[in-house]
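1. Let's see this in three dimensions:
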Amino acid sequence: MGEAVTSAAANVGREVVSRGGDARRTGANASGEWVIGVLGALPAPASPATEEWEFSLGALVCKHPRVPAVTARALRPFDSLGALRFGPESVGFEGEDIPWKKVTGLQLHNAFGAMTTEALDAEVDRIREVLPPVPGRKWAVTKVVEGLASVMLAALEQASDQRLDSVNVGCEVTYKGALGRTKTLRANLFTTALLAQQLDVAHSLVVTAQAAGIPVLPADPSALDAKSAERVRALRERTDAMVVELRAEESDDAALDGQGASTPSAPAGT
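-> Numbers count the residues shown, from 1 in each chain. Purely as a prediction, here's the structure:
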């Protein structure tokens, strides 16, 4: 799945771009409408957070209308993938929680400095490796990749009318580890895109850190350069192409199902 999507992204990128802005957005987002619906229904945490707030790429896919609760167990390996969790007591990315009392700083980064085509390709490969061979694996991996791509597209679209250097999110924490050593925990691609798209969540994270007495460090202005717009354009192309490929695969699978194919279109219960 990873190789197919990455290859498709490279091959059809120019074709997608040539379709034009609005038409491209409409076609590319069609297969990810369920993602936009889930994002729109996410409850915003208080600022500062008064209770734990969490979300992940796995949680996103479990909200897909074709994933009944009983089959969500097969998606548990995705629970910590792209996970964001924070509240009055702790903060964490990727399933690792750090008590605020151990945190020494929350570092802001420009979201689009971290969202690169290379990072996207690497994340697709990681997604493909996370879920072991189970019935419906292809469907699950497809939806996880679709979720990632759709959230990134939503973040890019939301930022289209803003200066890119104004989209700074708290996606890195430094903390005291064993023996007092300073350690760093960085959010992954999904969480960074989620924070860029869910600005209320990004704001709550910063305010919660400040309420805990944690220094919030500004983003490095040199992280953006004259090539930033070009990198964002390349990311748009790659993400659009990826979603188009996913939509095509879904259509092919539906056609096979209509012919009586045995491949399941959704995860089977375990």
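2. In space, what's closest to Gly92 - neighbours in sequence excluded?
-> Spatial nearest neighbour of Gly92, excluding adjacent residues (Cβ to Cβ, 6 or more residues apart in numbering): Arg85 at 4.6 Å. For glycine as for every other residue, the C-beta is placed from the backbone atoms N, C-alpha and C.
3. What is the subsequent helix or strand relative to the host helix or strand of that neighbour?
-> Arg85 is part of strand 84-86, with elements assigned from DSSP states H and E. Note on strand 84-86: by DSSP H and E, the next helix or strand toward the C-terminus is strand 90-93.
4. Can you give the contact residues for that next one?
-> Contacts of strand 90-93 with the rest of the structure, by Cβ atoms under 8 Å, 6 or more residues apart in numbering, involve 52, 83-86, 97-100, 103, 106, 171, 173, 185-188, 191, 205, 208-209.
5. rerun at 10 Å
-> Defining contact as Cβ atoms under 10 Å, 6 or more residues apart in numbering, one finds that strand 90-93 is touched by 49, 52, 54, 56, 80, 82-86, 96-103, 106, 170-173, 175, 185-188, 191-192, 205, 208-209, 212, 214.
6. Strands along the chain, start to end?
-> 53-55, 84-86, 90-93, 96-99, 103-110, 168-176, 182-186, 216-217 (DSSP state E).
7. Sheet partners, orientation included, of the fourth one?
-> Sheet pairing here is set by DSSP bridges, and for strand 96-99 it gives strand 90-93 (antiparallel).
8. Where does the prediction get shaky in the stretch 151-270 of the chain?
-> Within the stretch 151-270 of the chain, the stretches falling below the threshold (pLDDT under 70) are 159-166, 222-229, 231-232, 243, 246-247, 249-270.
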